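# The sequence isn't on hand, but the structure is:
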């Protein structure tokens, strides 16, 4: 059961499925048809989860390193890629982690500032950005396990309003999708 829970947590973090944050990005698209944009939004998890995560899992499984207790997390991934690509494997994983980390910082600063502006106005947005910078420093100073636990809890809390609004808006979305598909 723990493995399943861990997989769900990492899956939610890898593509944000069910969290509701993607609406902040896709909602800014210039389109006359929100259903088409919804279909575009579904492509992201296909690339992220089905292709990238599955390819990573295959490399880890084929390396055989997953059977031992010597490596875990990103270390396991780096060593598995090293098995097949030599030192270039570690460089590839390092670059992916750096780009993922930097893009995550920018993305979440945008998500939060949009929400803060909506809820509290421009001054609230500025305050949020200062708080966001402080959280970067905070997370850099705590253990990785503690940071992951806080992030997982935050993701769970973000999923609650998304689930509620999904239930409430489902009939409207289904009606619009049926109209679009009937064309």
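Received it, and whenever you're ready, just let me know what you need. Remember, it's a predicted structure, so these values are computed and weren't measured experimentally. Numbering: from 1, shown residues only.
# which helices and strands does the strand or helix carrying residue 55 pack with?
For residue 55, the host element (DSSP states H and E) is helix 54-63. With contacts taken as 3 or more C-beta pairs under 8 Å, 6 or more residues apart in numbering; DSSP states H and E, helix 54-63 sits against helix 73-85. All C-beta atoms are positioned from the backbone trio N, CA, C, and that covers glycine.
# Pull out the buried positions in the helix it packs on.
Using 16 or more other C-beta atoms under 10 Å as the test for burial, helix 73-85 gives 76-82.
# Then stretch 125-141?
125, 128, 132.
# so how far is that stretch off the chain centroid?
19 Å (C-alpha atoms, centre = their mean, to the nearest Å).
# what residues does that stretch touch?
105, 108-109, 112-113, 115-117, 120, 147, 150 (C-beta atoms under 8 Å, 6 or more residues apart in numbering).
# swap the cut-off to 10 Å and go again
Contact partners of stretch 125-141, identified using C-beta atoms under 10 Å, 6 or more residues apart in numbering, comprise 105, 108-109, 111-120, 146-148, 150-151.
# Give the rounded mean pLDDT of that stretch.
Average pLDDT, stretch 125-141: 95.
# Against residue 19, how distant is residue 160?
10 Å (C-beta to C-beta, to the nearest Å).
# ditto for residue 80
Distance from residue 80 to residue 19, by C-beta to C-beta: 28 Å.
# cool, residue 53 as well?
The value you get for residue 53 to residue 19, if C-beta to C-beta is used, is 16 Å.
# who has more neighbours, those two?
residue 19 (20 against 17; other C-beta atoms under 10 Å).
# Just checking, which helix or strand of the chain averages the lowest pLDDT?
helix 2-15 (a mean of 63; mean pLDDT, DSSP states H and E).
# Show me the contact partners of the helix or strand that that helix is followed by.
Using DSSP H and E, the helix or strand that follows helix 2-15 in sequence is helix 22-26. Residues outside helix 22-26 that contact it (C-beta under 10 Å, 6+ apart) are 15-16, 34, 37-38, 40-42, 44-45, 107, 110-115, 118, 162, 165.
# Run through who's touching the helix or strand following helix 22-26.
Note on helix 22-26: by DSSP H and E, the next helix or strand toward the C-terminus is helix 34-45. For helix 34-45, contacts defined as C-beta under 10 Å, 6+ apart pick out 11, 14-17, 22-23, 25-31, 33, 51, 53, 173, 176-181, 183.
# quick one on the thing from earlier: for the buried residues of stretch 125-141, which one is nearest residue 89?
residue 132 (33.3 Å; C-beta to C-beta).
# From residue 108, how far off is the closest one?
Taking C-beta to C-beta, one finds residue 132 at 7 Å from residue 108.
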